[in-house]
Structure formats: structure tokens, C-alpha cells
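Enquirer: What shape does this take:
(2 chains)
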Number of protein chains: 2
Amino acid sequence: MPTASTVCYIDFEPLGRRVPCRVGVDLLTIAREAGIGLVALCGGVGTCGRCRVRILEGAVSPLSETERRVLGKDADSGLRLACQTVVLGHAKVYIPPTSLTTRQRTQVEGQGVEFALQPPVKLLEGQLQEPTITDLRADAERLREALVGQGVSAASFDIAVLRGLSDALRRDAWTYRAAVRNQEVVALLGPERPCLGLAVDLGTTKVAAYLVDMLSGATLAAEGMMNPQISYGEDVMARIAYAIGGAEKARQLQQAIVLSLNELALTLCKQVGAHPSDIVEAVVVGNTAMHHLFLGLPVWQLGNAPYLATTSHALDIKARDLGLNLAPGAYVHLLPIIAGFVGADHVAMILATGLYQARATTLALDIGTNTEIALCHEGRLVSCSTASGPAFEGAHITHGMRAAEGAIERVRIENGEVKYETIGGKPPIGICGSGILDAVAQLYRSGILDSRGAMRNSHPRVRESSAGREFVLAPAAETGIGEDIVITRADVGQIQLAKGAIRAGINILLRELGIGAEAIEQFIVAGAFGTYIDIQSAIDIGMFPSLPLERFQQVGNAAGVGARMALLSTPVRKLAIEVAQHAQYLELTNDPRFLEQFTLAMLLGEDGV
Amino acid sequence: MPTASTVCYIDFEPLGRRVPCRVGVDLLTIAREAGIGLVALCGGVGTCGRCRVRILEGAVSPLSETERRVLGKDADSGLRLACQTVVLGHAKVYIPPTSLTTRQRTQVEGQGVEFALQPPVKLLEGQLQEPTITDLRADAERLREALVGQGVSAASFDIAVLRGLSDALRRDAWTYRAAVRNQEVVALLGPERPCLGLAVDLGTTKVAAYLVDMLSGATLAAEGMMNPQISYGEDVMARIAYAIGGAEKARQLQQAIVLSLNELALTLCKQVGAHPSDIVEAVVVGNTAMHHLFLGLPVWQLGNAPYLATTSHALDIKARDLGLNLAPGAYVHLLPIIAGFVGADHVAMILATGLYQARATTLALDIGTNTEIALCHEGRLVSCSTASGPAFEGAHITHGMRAAEGAIERVRIENGEVKYETIGGKPPIGICGSGILDAVAQLYRSGILDSRGAMRNSHPRVRESSAGREFVLAPAAETGIGEDIVITRADVGQIQLAKGAIRAGINILLRELGIGAEAIEQFIVAGAFGTYIDIQSAIDIGMFPSLPLERFQQVGNAAGVGARMALLSTPVRKLAIEVAQHAQYLELTNDPRFLEQFTLAMLLGEDGV
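Expert: Model (predicted):
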């Protein structure tokens, strides 16, 4: 539900997000406030020219001189700079993919990591001599010898490629475009086909997939979806429990994600006029449980101490052996994992943030049901995983919900007045993670909560219920569910558990490296949830240490960026192996310091520990 | 139907062959005459002790002193030497696998080739340290490090092996028995499981499969069956024509052979108390069309000039990618092929006969619908394939049939009297290849046929029919089909075509190497049909050159022997690649000499050309 000061909406396409805003505000600010990552290397002063958008409908300020200078002839085609375009009323705005990608978002925050575009699959093209009665070489040998002439030392052929070889060579008049991986031909692409790669960040809750041009490195399309395994269990442990129920159930989980990835690949390809058979390589990253479930590996041993993975090395597996329908001989590369609860997504995040090679003391974390944290200081890299629970995904919270339309995502209590924003500007139907974080922080700052999380009866919206005190965030009249949306003492407790686990993990890493929180020069918050939270709120309740705000960077889906880097770069894959081998893993369940730290860190308040 | 002089039968088990014989003849001679390959390295004089059999029923000569000396205490368990055991009446005789295998048959003929037992799959065993909270290596890494300690430089795991790894290690109390191929773990065998290999000779008509112990090299079981693709076409060209009819039809052919191989593997394993999942490696050899159909490769280009294979190199393909159910990560190795009509079976024959390294001038051929011939002289090896047609398989012959019960397999005309023998001693129902060869040779020697194949009216059994003259081989009263079994002028013509093609191929190879037929020091006749034919008959009609009989060797299924050698020996696989690369292939359809040679070679008569 829009607040009183909202006078119009902006519809952002192709995202399908409707964002409430005030007249006179520029589009970049509106997009940022809504958590939409627009590229703006210059910080929004109209010089970098990256935040290009197209106005589809509605009233905005006229084209400025700045825009005309920066955009050149693109201005004539209707493009605008979001930072220079001021809203005058309702409008519909199209954001081109180049202005809006997670990778670009990373660059916004100055975390764009340079890497060598050196894909593991090369495209070799040429023309063969037609066979004659004096040149009876078999088709594969004819092509093999041509490829050897192009520097492939001993070309071999995937059996599925072999099956299509004789027809393809004759169809294409003995020209060839061979996708060669190491020394193996994994696909023969037709004359006009693109050479594509697929990068997937396989999260417990969400799956993000990126279609990449393997030759230029450009991200051509991106698409997200819910992990369909959710219907078998909300969190990692629930899915492990389900999979342990029998081989058939484990297969269900594997099939569910494979079917979805096939659909995602098809959807992405359709967006660019391609076909999944044009995808010659894929990289999939995920936490260790998602990694194992996707590969059809057993997970029961991940659910029991000492929480061992079946395998931790980097893997190259034929897509068909996993049920993925890509190019005939395509491989899926899986980055190495560090430990049972520090997976390939963590390695990908380390790659994407440049953490491994960071000169400054840098902490990076990705908040989820399990929060993985890595700290790099003077050449040492230490990681841990901490069970922060599903509270930030809305679970175990009275009116908790996922970040979907109608979720309260921002809360402010100013002079006793409660204000909130919802996703899509709809009447509130619940509270998502960033909303509950804000709410607890604001209740604490307003003195309604004390440091132990107890609720004082100091505000008209505090009331008694059968389960103790609760705070009415949105009265029934305002909500879309016909009842009050409240925050209970128990909800506060859930947030205390979550933030306590995260802060305890941070503190133990700091102690392991013998430094204090103030030594952290860069504090990188990765992941979807981390992107939407208010850093000040996280500091206010003591989830993050009290550092100057400029040291924090919210970099979006760093795991997805790392996956794309690995897709495009053999050196990045080697670096990943090095990271996994050299990263030190702290198993917190064995760490005697953890319980003590955790107990202290559950207290609310800035650096309350 | 037994001839007048036959007084009893011997039932050979487990072959299920009933062989007519005369009292007073030894079992080795009887078996040999019936084409049953019993091992007798000493030539049947009772010294090598290899032709062991067990008398299940019936009357035979008593145990001799020779047998007692050679057999030792085995004599007490009822074993006998076939060469020393004389038949006194009907009997049932069991031939143990060790006395009867194709490989042994090869050895009978002195063609046993020495090769290094150096299997591509090694079995590495050991005991792992159990994980502890201070040793959290993933299961695969724990095993990998142990294998590296055993000399595997960088062990990787097949994905299907990975899927079973965590359970297997815990089930077996952290002991392991890993089947490692190159650097890949293709199977984890349980504590008591054998480590097996499967060798398959995939013929157009028959399939022979051998179960081999990969550690000792011993052949544990052997089994044959008809190629189930026969129901889609009798010969190679018919199957190619069928496969061209559409992708679904090609898949039917592939599925038919794969299902049968899965059944064969299961049957073989049951015989030795094993399971197909114990089979860690397979080798399949066949002619180029069978090779391509088995792999699911297209064959239309094999059916059209210039008869190109899709691929000719040696291949290693995951069994699962072909639909074979073996050990989780097992590979199928395919020997290289030489050309469109000189396939991997020919390479296997060259390996098994030692032809490639022969010092003597040696010719080897395998007679079939296509007859592949190789000639080795002074370090050069030249091969060709000649379209001898299906006449020797009984096709296109008035009363032709396959070599099955009731087929006339031997014919003699002595002083005008016609004698014949049938398979299984049953009343005749047709004539198989060796019978028709004998018949034409005997008709020619008796002057009933002239060298052009014309039939003279010089024997009471020659008669006129609407299609020309014909010879009554068995009058209706003797047959099992209620009609005369005859040989017509047209039948003789089919044999002339077949033998002409074979002899023309031999002659062109001789000319290519600039030598005469008399220079051939060894003439090796391989393959099932070649084993059963009467060499003298083949000489009489001019199919083979007139050489002293002792230069001929009938070596049985040499392709199957070659497949087993390749299964057990990496050096043999390398040698096969060398053979395929260095063998010179003569494409007869392009050879201007062929038609001339063929026309001459169609004439009947010893070296009539």
C-alpha cells in the first residue's frame, strides 16, 4: 500500500515491477530504492552513460543537454539516462539487459573483477575436402585431421556428436563449426548458430540462470525462478530429510531441479532466438546440499555429523548424465566445494568479489538459511558457515512471507509514527526478510525493544496477546488480509537467533585471524536478501559490526557472477580449485568459542556483544 | 539321416549336438569331424592332456594306462582324454569349457598368439582411515588420495560411481576395491566380487560373447546367439536399407542388439555366479555396418559409394551411453576399422592370427556375405573385402538353409554313389554352406559339372526341370520335408559367384604384392563357416589356390579371440591402431583388375583361373 506521499507508479519492464514514487524524483533513485540494480558507474551524475532506459509510456522530464551529449545518436532512438530523467507522473520504463544485470550491479559497487576470457570450449571453423574414391577417410577422421591442423592435438568425438556427424557435414557442404573442449568435439554447430553457455546459481530457494555468448562473453539473457524442490522441503535440512526417505524420493528432488533447468534453458534460448542445443557448456554452483541433490549424490551423510560431502573436487560431467538437454556432448562444470556447509556458491562468491586476491582486509557473506562467511586478511582466507535459519526468508515469523508482492519490505518509526513500504505498492499481506529486519531495528531504536528483545509497553501499538506482547505494524484496515499484521516477541526472538548466528560467525573469523571488527576495510554483502536489506538496520541490531557505511558493498548475486566467470574462463576454474584447496574451513559446531559468542551476539544493539 | 555305416550317436553336452559315428572311433576324431573344437595340442596322441571330457552315459573303452598317467588323480573323478577314448555304442559326453573354446581351437591349430596380460582396468584395493572431526575430507577425496598413493596420478570418479561411493565405503567398513581405468574409477567392487570383462564378436548373423576374468585373463564362460537384427534383414545391405527407412528404424536395430547383449551378459554372469555390474570393461568387434548400427551411427553412407564410415578410429564409449548395463562407469572399447567394408572384426582377426607380425607370407580370410581377406608379405599388409554374397549362408540356394539341425553339411560322390551327413544326424531338410560347397566340388570332380558350371546328363540323379537341369542330392523318401532336395544349375551359379569373388580378391592381393599363390606359406581360414568347410572341396572348385593341405589352418572364431586379447591388453589395443593405420586397403569396386579376375575365377576347377 502506497504511503500518503506517493503520488504515482513507475512500471519497470521487462521485470514487471510496479514501484510507487513521488513526482520530481529521478528514475535511478526510484529503481535503487526498489532494489532494482541499474548500472551507474558514475554514481548517478550523468557522465558514465550506463543507466540507459527507454520510456514506453508516461510523463517524464524532457531530454537534457547532458543526456544528449552522453547518449549521442542513441538519444534520437528514444534512450534516456535514468539518473537524469525525472518522473512527472505515472510511467512505464523499459530497462535493457545491458543496463540491468547482476554482473553490472556488481560493477556498480566497484567489485567488477577482471578475468581472462578464455573459455574451455573453443569454436573451430573450416572447410573440408569432399571425399573421393581415392580419399576414403571416414568422416570423423577427415574432420579430426582438419582440427589437428588447427592446433587440437588429438581430437576425439563425443558419441552423440558422432551420431550426427555424417549428416551435418553433408548438410553443411563439408563446412564445419566444431565446439572443442580440451580435445573433444562436444558439438557441431550449424552455419548460423550461436555458441552459448549456461551459468546457474542453484540456491535453496531461488534459481538464477544466465545465457552467455561463449565467444564474446556477453550475458544475453537472465532468468530466475523458485527452486521447485521447495515443495519437498523449505530448507536444506528438510530436503535432506526428504531425500533420505528413499531412492525414489532423492530421484524426485533431482528430477524436479533438472526439469526446471531444462525449462529455464529453453526460456532463455527463446529470448534470443536460440535453442538449448546451442549451449555447449554449463556451470552450476550451489551449496553442498543443492550440489549433491542436483548430481544425484547421496545427502544423508550431509545431514549427520561430521557432515561430510561425497565429493568436493571440481567436476566435469556430461549434461546428458544429469538429464540436461544441451548440445549433444556438452559438459556441466561444477566448481569445487570447501566443506559440507561451504559449497560451490561460496567459492563462486569468493571469485566474483575478488576476495581471494584482495589486498585489503575483506569480509564477504551471503545470508541465507545458512550464512557462509569468508574473511581475507594478509593472505589468509578463512570460511565458516553458520545456521542463521529461515527467519529472513519469512519462515517462523508470525506474518512472515517471501519477498513477493504485498510484502512489507521497509519500515520506519519516526516520532512514533509507523511507516512502511510494500513490494509492488500493494496493500500489505505480510513481512519479508528486509522488512522484519527493519522493524526489529526500528523498534529497538525507538526504545520499544530492549537489548534482550523484551517489548516495553511504550507505544500505543504495543498490545498484550495470549502469547505475550506484540506490536501492530499494520492495522487490519490497511492490510490485504483483513487482519492486523503484527510482530510478536517470538518473532523478535527468531531474528535474534538469526542475527546472533551471523554475528557469532563474523566474530569467530575475526578472532581466528587475530583482528578486531574495525580492521575490516571492505564488508561485502552478497546474495539477493543481502541486496535488499538496510545496512544501517543490520548495524543497529548488531548483526553487522558498526563500521562506516561506505565500507559496505551490496553486490547482488555474486555466486551467479562467479558462475559466469567460471563458464568463460579456464584460469578462473583453476583459481577456484586453488581457493577451495587453500581456504581454511572453521567447523563452528566443533568450535568451543561458538556457543559463547552466539549467546552474546543474540543481544540487540550496535556491537552489543 | 545316418548313412549305412553309422551305427551309433554321440550326444555332446553342453553343446546339445548329436553326432553320428562308427564304433571303434575315438571321441576326438568324432568331435573334429563334427566341427567341434576340442583342444589337442599334441595332435591327439595322448600326451598333452588337454582334450578332457566326461562320459555321462554309454559305452566307451576302459581307462587306458596313458590316460591314467596323464590325468593323474583327475582320472578318479571320471575325466577321460577324448583322443584315447574309443566309442563302443551310443554315449553322452560332457565337454568342460576348458577343453572347448574358440581360443583353445585357435591353439589347436598352432595359432595361439602370445600377448601381454596388461588390462586397461586395474583393481586397486585398500583400507581408508575413517573420517573424524579433525579429518573432514570428502569421501571421494579420501579415496582419491589413497589411490594416488597407489600410483594413480590424478584419480577421477565416474558420476555413477560417485553416486554409490558414500554408501559403499560405509558398507564395506572403509575398505575399497576400485576398478581404475586410466585415471578414472569406473567401479567399486564389493569385497567378494569378481572383476570381469566382456568380449563380443558381433557378426551379421551370429553374436558370440565371452566372459573373462580381468585379473587372470581366463575365459570363464562363452555363449552364442543369433543376431536379433536378422528379423530386420538377413544381410548387411538389407539392414542398411532398413535403417535408412527412418530414425525410429535405426533405433530399433540398435535396441535389438543392445537388449540381446544385455541378456547375453546376464546369462554369462549367471553361469559363474556373477552379475553384469561386475563387468568393468567390454570390447565389441564387428564389421563396419554392425559397428555403426551398434553405436547408433548412421549407415546410409555405408550403403552408397564411396562407402564411407562415419568414424574409423578406436573408440572408448561409456556402456550406459549405448544402453548396456555393466558396472556403473564401465567403458566399451571398439577396435579401429580399416574401411567401409573392412571392419573391427577383421582387425581382431589380424590380431588373433598374429598376421601383422607374421614372418611367413600369410593369407587370412573370414568368409561371410562379405569376405575380408588380408595378405601379409615381407612386412606389407594389404586387405580387401569382396562381396561373396549369402550363398554360403544358404540364401539364394534352392534348398539352402543355415547350419542348423537337419542341414546337409557333408557330401561325397564315390563311384557314383551319393553320400551325405546332416547336422545332428536328422533326416535332411536342406543344405548348408559347407554342404553346398562339398556338393558342387563333388559334382565337378565326378564330371557332372563342367568348368563353366554346366550340368552334364551323366548321372542317373541328373534330371530336367522347368528351370533347367538339376541334381537330386536326397530323394524325397530320405528327407524330412517330403520332397527331393536338389541342386540346380542356378545354385551352382550362386556358388560360382561366391567363390569367384573370393578367389578374385585373393588373386588381386597376390598381384598387388607381386607374388604367386604358391608363395603363400600359411593360409588361415577364420570364422564359423570357414571352420566347417572341407578345404579340399574349396581347392577342387578353385575357391582357394591349390596349396598343400598342411598350409591351411581353420582357426575358428579368430575375431572373438582378437576381441578377448584387446579386452585384456592395452598393448594389443595399441597394436590394433597400428594395424588399422598401416594396413593398406584395396577398394575392389574401383580396381580395374577386379572384373577380369572375377570373370575368370567364376570357372570351376583347381586353379582354373
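Enquirer: From A:A309, how far off is the closest residue to chain B within the stretch 451-600 of chain A?
Expert: Closest to chain B within the stretch 451-600 of chain A is A:N590: 5.3 Å, counting by CB to the nearest CB. C-beta: built from backbone N, CA, C; applies to glycine. As judged by CB to CB, to the nearest Å, A:N590 and A:A309 stand 16 Å apart.
Enquirer: The two: which is more packed in?
Expert: Between A:N590 and A:A309, counted using other CB atoms under 10 Å in any protein chain shown, A:A309 has the larger neighbour count: 28 against 12.
Enquirer: residues contacting that one?
Expert: By CB atoms under 8 Å, 6 or more residues apart in numbering or on different chains, the contact list for A:A309 reads A:T288, A:H292, A:Q301, A:L302, A:I337, A:A339, A:G340, B:A138, B:D139.
Enquirer: and what of A:Q442?
Expert: Each residue near A:Q442 by CB under 8 Å, 6+ apart is listed here: A:V411, A:R412, A:I413, A:S537.
Enquirer: I'd like those residues laid out as CSV, including pLDDT.
Expert: Below are the contacts of A:Q442 laid out as CSV (pLDDT from 0 to 100):
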residue, pLDDT
A:V411, 94
A:R412, 94
A:I413, 94
A:S537, 95
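Enquirer: Could you double-check that the residue of the stretch 451-600 of chain A closest to chain B lies in contact with B:I133?
Expert: Yes. Using CB atoms under 8 Å, A:N590 is in contact with B:I133, at 5.3 Å.
Enquirer: right, and the pair among the contacts of A:Q442 with maximum separation?
Expert: Using CB to CB, the contacts of A:Q442 reach their maximum pairwise distance at A:I413 and A:S537, which is 11.6 Å.
Enquirer: So for these two, which sits in the more crowded spot?
Expert: A:S537 (24 against 21).
Enquirer: So the more buried one belongs to a helix, correct?
Expert: Yes. According to DSSP: H, G, I helix; E, B strand; the rest coil, the state of A:S537 is that of a helix.
Enquirer: Please name the nearest non-neighbouring residue to it.
Expert: In space, A:S537 comes closest to A:A441 once its chain neighbours are excluded; the distance is 3.6 Å by CB to CB, 6 or more residues apart in numbering or on different chains.
Enquirer: Quick one: name the residues of the stretch 501-609 of chain A near chain B.
Expert: A:Y585, A:E587, A:N590 (CB under 8 Å from any CB of the partner chain).
Enquirer: Repeat the analysis, applying 6 Å as the threshold.
Expert: Residues of the stretch 501-609 of chain A found near chain B (CB under 6 Å from any CB of the partner chain) are A:N590.
Enquirer: which stretches of the stretch 501-609 of chain A form helices?
Expert: Along the stretch 501-609 of chain A, counting by DSSP state H, counting those that start in this stretch, helices occupy A:528-532, A:535-540, A:558-568, A:570-582, A:592-601.
Enquirer: on that earlier part again, from the contacts of A:Q442, which land in strands?
Expert: Counting by DSSP state E, the part of the contacts of A:Q442 found in strands is A:V411, A:R412, A:I413.
Enquirer: which residues does the last one form a beta bridge with?
Expert: Following DSSP bridges, A:I413 is listed with bridge partners A:V418.
Enquirer: just checking, it touches A:G447?
Expert: No. The pair A:I413 / A:G447 is not scored as a contact, 10.0 Å apart, by CB atoms under 6 Å.
Enquirer: Show me how the record splits chain A into domains.
Expert: Annotated domains of chain A cover A:8-100, A:121-188, A:196-334, A:358-389+A:506-601, A:391-495 [automatic domain parsing].
Enquirer: Next one: the shortest one, is it in contact with chain B?
Expert: I take that to be domain A:121-188. Yes. Using CB under 6 Å from any CB, domain A:121-188 comes into contact with chain B via A:P131, A:I133, A:L136, A:A138, A:D139, A:A140, A:E141, A:I159, A:L162, A:R163, A:L165, A:S166.
Enquirer: Return the closest of those with respect to A:Y232.
Expert: Using CB to CB, those come closest to A:Y232 at A:I159, 33.8 Å.
Enquirer: mind pulling up the phi and psi values for the closest one?
Expert: Dihedral pair for A:I159: phi -60, psi -40, per degrees, to the nearest 10.
Enquirer: Tell me the first helix or strand C-terminal of whichever strand or helix holds A:G435.
Expert: According to DSSP states H and E, A:G435 maps onto helix A:433-445. Once the chain leaves helix A:433-445, the next helix or strand it forms, by DSSP H and E, is strand A:462-465.
Enquirer: Can you give me the buried ones in that next one?
Expert: Residues A:V462 are the ones in strand A:462-465 that count as buried (16 or more other CB atoms under 10 Å in any protein chain shown).
Enquirer: Return the distance of A:I423 relative to A:S465.
Expert: Note on A:I423: its distance to A:S465, by CB to CB, is 27 Å.
Enquirer: And A:S231, by the same measure?
Expert: 32 Å.
Enquirer: on that earlier part again, so for the contacts of A:A309, which is the shakiest by pLDDT?
Expert: Lowest pLDDT of the contacts of A:A309: A:G340, 77.
Enquirer: Tell me both backbone torsions, phi and psi, for the residue lying closest to A:A576 once chain neighbours are set aside.
Expert: Spatial nearest neighbour of A:A576, chain neighbours left out: A:L335 (4.8 Å); criterion: CB to CB, 6+ apart. Main-chain dihedrals, A:L335, degrees, to the nearest 10: phi -60, psi 160.
Enquirer: One more: A:T175?
Expert: Torsion angles at A:T175 (phi, psi; degrees, to the nearest 10) stand at phi -90, psi 160.
Enquirer: Just give the nearest non-adjacent residue to it, would you?
Expert: A:Q127 (5.1 Å).
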